[in-house]
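Asks: Need the 3D shape of this:
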Amino acid sequence: MKPFLIATLAALGVVTCACSSSSPAAQPAHTATVTANAAASRSVTPAPTPSPPTSLVAARCQTGHLSASAGAPQGYRSGLQLVIIFKNTGTAACTLHGWPRVWQSTGPPVTNIGQPASEGPVPPATVVTLPPNGTASARLQIEDSATYSTPTCKPVKATSLVVIPPGEKTATHISFGSTACKGSAKLMRVTTVVQGSGG
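Replies: I've put the predicted structure just below:
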């Protein structure tokens, strides 16, 4: 009986050893789980968001950030012409586009006389960018009031020009003597603004 018991215990020992030696075989499954967690961790990392492009479009020039002046008048055919010069007095670039509105005036108090300047067909309107202290200009023609009949033009002495920059509602004033018309006659024509002082 004893030899048989010893043999049986020995056999159990072999089985126990075989079971314990098989446990490392479960390690690859544990390793695979760690690898999956690492992959999941990488997938939730947000990609860097690119910065939005900076706008390069400058704001429209406001009357409060512009000065206006008149160049020396020059005679032409039946009248005179001069350049109206706008200067950017602000600290940032701004834009002008289109035609200024212009009246002859007297005063004080400042009073508009007659009809505003009509818009000349050339040059075509383009956006003009003025850096700080940059300039733009428009050309103004004033016809001789004597070329119009009395019913349409009653000559009046003007002492200044009322000028509203393109797109604005607030006027600026330029001291400039000329003869205006009370009535329906349109003595003046103005061009769109262009880059520079028009010198």
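Asks: got any ranges where the chain has weak pLDDT?
Replies: 1-56, 199 (pLDDT under 70).
Asks: what's near enough to touch the nearest residue to residue 116 once chain neighbours are set aside?
Replies: Distance criterion CB to CB, 6 or more residues apart in numbering; nearest residue to residue 116, sequence neighbours excluded, is residue 103 at 5.1 Å. Just so you know, the C-beta spots here come from the backbone N, C-alpha and C atoms, and that holds for glycine as well. Neighbour list for residue 103: 112-114, 116-117, 161-162 [criterion: CB atoms under 8 Å, 6 or more residues apart in numbering].
Asks: Same check on residue 162?
Replies: If you count contacts by CB under 8 Å, 6+ apart, then residue 162 has 102-105, 110, 112, 171-173 around it.
Asks: which of those count as buried?
Replies: 102-105, 112, 171-172 (16 or more other CB atoms under 10 Å).
Asks: Which residue ranges of this structure form helices?
Replies: Secondary structure of the chain (DSSP state H): helices at 2-22, 27-43.
Asks: re earlier: identify, from the buried ones among the contacts of residue 162, the entry nearest to residue 150.
Replies: residue 104 (18.0 Å; CB to CB).
Asks: all strands of this structure, in order?
Replies: For the chain, the strands defined by DSSP state E occupy 59-60, 66-70, 74-76, 79-88, 94-97, 101-106, 111-113, 118-119, 127-130, 135-143, 154-164, 172-182, 188-190, 194-195.
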